[in-house]
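>>> What follows is a predicted structure for the sequence shown.
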Amino acid sequence: MFKKVLIANRGEIAVRIIRACQERGIKTVAVYSDADRTALHVRYADEAYHIGPSAARDSYLRIDKLIDVARHAGADALHPGYGFLAENAALAAAVRDAGLTFIGPSPEAIEQMGDKVTARTTVARVGVPLVPGTPRDLHDDDLLAAAERLGYPVLVKASAGGGGKGMRLVRQPDELLGALSAARREALAAFGNDSIYLEKAIEGARHVEIQVLADSHGNAIYLGERECSIQRRHQKLVEEAPSVAVDEALRSKMGAVAVAAALAVNYTSAGTIEFLVDKDGNFYFLEMNTRLQVEHPVTEMVTGVDIVKEMISIADGRRLRYKQEDIRIKGWSIECRITAEDPDNNFMPSGGSILALREPTGPGIRVESALYEGMEVSLFYDPMIAKLIVWGETRAEAILRMRRALSEYRIAGIKTSLPFHMGLMDSPRFQWGQFDTKFLDSYSATWTQAQAEEERLAALVGAMLAHERGLRAIAISHGAEQGAASAWRRSALLTGMRAMI
Ligand code: MV4
C-alpha cells in the first residue's frame, strides 16, 4: 500500500481525500497557493508545500511543481480530486513517468473519453445508446443536411468540450451557419481545437449519471445512479441518489451499459457515465467523467461504499472488494452545494471573511466543508465552499432532514446559497420530484429570499388552518360543542406558529 499520497487540490475535496488516507494509515502531502496559506487542507495534512501565487494557473495547475513536490516529499502516489488537473491526461502521464502512481484512470482512458466524438464512437461499438449525431468536422453543407436529417432543434458541441462548455442550441436551419462559426471560434479559444459536431437536442430530459468502479483486473461494477437535473448554467446545485425517474429495471439496464462503456476503454478507478433520460425512460449516453465527482457522497450514503478509499485500493493494484450483487441501494440521499454566491443578486460571487460559522450535525447529516471562522473566501477559485449531504429512509425524510440541517447552518460575513436551497426544498415541484434540466432556469429567475419567506409563512398558515379544521372535524364527530376549549386551542396554535417563524 502507498506510504504517502500527494493531494493535488484544495478545499473540501482535499480534506475529504486526506481523511480517506488517514483512515488507511497513509501519510498525506498538501500543496497550497498564496491564498490558501492558512487553509484547512494545509492544517490537516502531514506535510504541506507552497506551490505559487493565488491564480490557479500559477499554482494548482502547474504539473511541473506538483511532480517536484511529490518527488521532494517522497510521495508514492498523487490524487487529483476534481476540477483543476483531474481530467488532464498530461498530469496522469507525468505522474507515471516520474515513477509514481496516479490515483485515477490511465492517461489513455482520460484521452479517449476527453474527446467527445472519440468517446461516442468507442462506446457505440459496445452497444451504448447514443443521442443521434454526426461525426466531427463535416463541411457546413453536410452539417446542414445532417441537421435536417436529425431534426431540429440540434446542439452544436465542441469535440474537446464537455460539461456543457461551448454548446449551442439551434432551433431552425437559418441559425445553423452562424452557430457553427461561433461554436468553432469559441472552441478554438477555450480548447485550442475548433473541432465541432452535431447532436439532436433531447428536450425535457433528466440528467442522470451512473457511478462505476473498475479495477486493474478487469472487474467493474456500478453503484447506482445520481439525479443531477437541478443545475444552473451547467453548474449543479443539488444532486440526489437514487433518482425518482429510475426504477430497478432501468437501473440495471443503465448500469450494465455504463459498465460496458468503462470496459470499452479499459477503465480503472472511479468514473461516471452521464446520460439523458427522457419521459419514456429512454436513455442516451452523453459523456464519461474520468474523475471523482463533487456529488460522489450521495452515492456513498445510499451504498455504504467509500469511493475515495476504493480509488486508492484500485490504484494500488488491488481487486474490487465488492461484487455487483453486494451493492444495494438503501434509503435516499440529497446534496446541496453551498456556494459563496448571492442568490438575491443573480448568483453574484461573494467573497469576504467568515465572521461566524455553525455547521449542522445530528442524525443523517454529513458536511463536507473546509470552512472555518476567520477564513477569507477569495474569488480566485470555484465559489463552492461546502457540501451539505443528508441521508433519510425515504426521499421525504431526506428533504425534511435537509430543511432541518439548512436551518441549523450559519455562515456569517458572506452571501451564500443557503436561503436558495431552503426555498428549493420547500418548492412543490422539487418535493414531487417533477423537474428536468430546465427546471432551475425558470425557478431561479423568479426566486427571491423575500418570496421564499412569504411562501414559508403561507405554508405555515395553511398547515395551521388544516390542523384546526381537523380538530373541528374531530370535535364534530365526537359530538362535542364548539366552546371555550377551541378558543384556547386557537391561542395555543397561534403562539406555536409565532415560535416557528
Ligand atoms: C445534451 C442535452 C440535450 N441533448 N445533449 C450538458 C452538459 C453536458 N454533459 C451535456 N449536456 C447536455 N447535452 C443533447 N443532445 C442536454 C444537456 C444538458 C443540459 C442542457 C441545457 C441546460 C441544462 C442541461 C443540464 C444537463 C444536461
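Received the coordinates, thanks. Numbering: from 1, shown residues only.
>>> okay, CA-based contacts and neighbour counts for the rest of this
OK.
>>> What is the strand or helix carrying residue 230 packed up against?
Remark: residue 230 resides in strand 220-232, with elements defined by DSSP states H and E. Packing contacts for strand 220-232, counted by 3 or more Cα pairs under 8 Å, 6 or more residues apart in numbering; DSSP states H and E, involve strand 206-214, strand 235-241, helix 248-264, helix 296-303, helix 439-446.
>>> One more pass at 10 Å, please.
Judged by 3 or more Cα pairs under 10 Å, 6 or more residues apart in numbering; DSSP states H and E, the packing partners of strand 220-232 are strand 206-214, strand 235-241, helix 248-264, strand 269-277, helix 296-303, strand 332-339, helix 439-446.
>>> Name the helix or strand for residue 68, please.
Residue 68 is part of helix 63-73 when elements are defined by DSSP H and E.
>>> can you check residue 30 too?
Using DSSP H and E, residue 30 maps to strand 27-33.
>>> any idea of the angle that strand forms with helix 63-73?
Counting by axes from the mean of the first three to the mean of the last three Cα atoms, to 10 degrees, strand 27-33 points 140 degrees away from the direction of helix 63-73.
>>> Strand partners (parallel or antiparallel) of strand 27-33?
strand 4-7 (parallel), strand 47-52 (parallel) (DSSP bridges).
>>> hmm, back to that, TSV for the helices and strands packed on strand 220-232, including distance to the ligand?
Shown next, in TSV, are the helices and strands packed on strand 220-232 (distance: least, Cα to the nearest ligand atom, whole Å):
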stretch	distance to the ligand
strand 206-214	5
strand 235-241	8
helix 248-264	15
strand 269-277	7
helix 296-303	16
strand 332-339	16
helix 439-446	8
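>>> ok, back up a step: may I see the buried residues of the helix holding residue 68?
For helix 63-73, the neighbour count (16 or more other Cα atoms under 10 Å) marks 63, 65, 66, 67, 69, 70, 71, 73 as buried.
>>> which outside residues touch that helix?
Outside helix 63-73, the residues that touch it by Cα atoms under 10 Å, 6 or more residues apart in numbering are 4-8, 28-31, 47-52, 57-60, 74-78, 85, 88, 90-92, 94-95, 97-100.
>>> Give me the pLDDT for the spatially most central residue of the chain.
Nearest to the geometric centre of the chain sits residue 295, at 3.7 Å (Cα atoms, centre = their mean). Note on residue 295: pLDDT of 98.
>>> which one is it nearest to, not counting chain neighbours?
residue 239 (6.6 Å; Cα to Cα, 6 or more residues apart in numbering).
>>> ok, now which ones touch that neighbour?
Residues near residue 239 by Cα under 10 Å, 6+ apart: 208, 226-231, 294-299, 333-337, 389.
>>> can you do 6 Å?
227, 228, 334, 335 (Cα atoms under 6 Å, 6 or more residues apart in numbering).
>>> Next one: the last one from residue 143, what distance?
This points to residue 335. Residue 335 is 40 Å from residue 143, where distance means Cα to Cα, to the nearest Å.
>>> higher neighbour count, those two?
Neighbour totals were compared for residue 335 and residue 143, and residue 335 leads with 24 against 21 (other Cα atoms under 10 Å).
>>> name the element the closest residue to that one other than its chain neighbours belongs to?
Among residues not flanking residue 335 along the chain, residue 389 sits closest, at 4.3 Å (Cα to Cα, 6+ apart). If you go by DSSP H and E, residue 389 is part of strand 384-392.
>>> any residues touching that strand, and which ones?
If you take Cα under 6 Å, 6+ apart as the criterion, strand 384-392 is touched by 331-339, 364-369, 398.
>>> Tell me which two of those residues sit farthest apart.
Spatially, the most separated pair among these is 331 and 339, at 26.2 Å (Cα to Cα).
>>> out of these two, which sits in the busier spot?
Between residue 331 and residue 339, counted using other Cα under 10 Å, the more crowded position is residue 339 (21 against 17).
>>> nearest spatial neighbour of the residue of the stretch 401-501 of the chain found nearest the ligand, skipping sequence neighbours?
For the stretch 401-501 of the chain, the residue closest to the ligand is residue 437, as judged by Cα to the nearest ligand atom, at 4.7 Å. Distances taken as Cα to Cα, 6+ apart place residue 229 nearest to residue 437, at 4.5 Å, with adjacent residues excluded.
>>> Let me see the contact set for the one you found.
Residues in contact with residue 229 (Cα under 6 Å, 6+ apart) are 206, 207, 436, 437.
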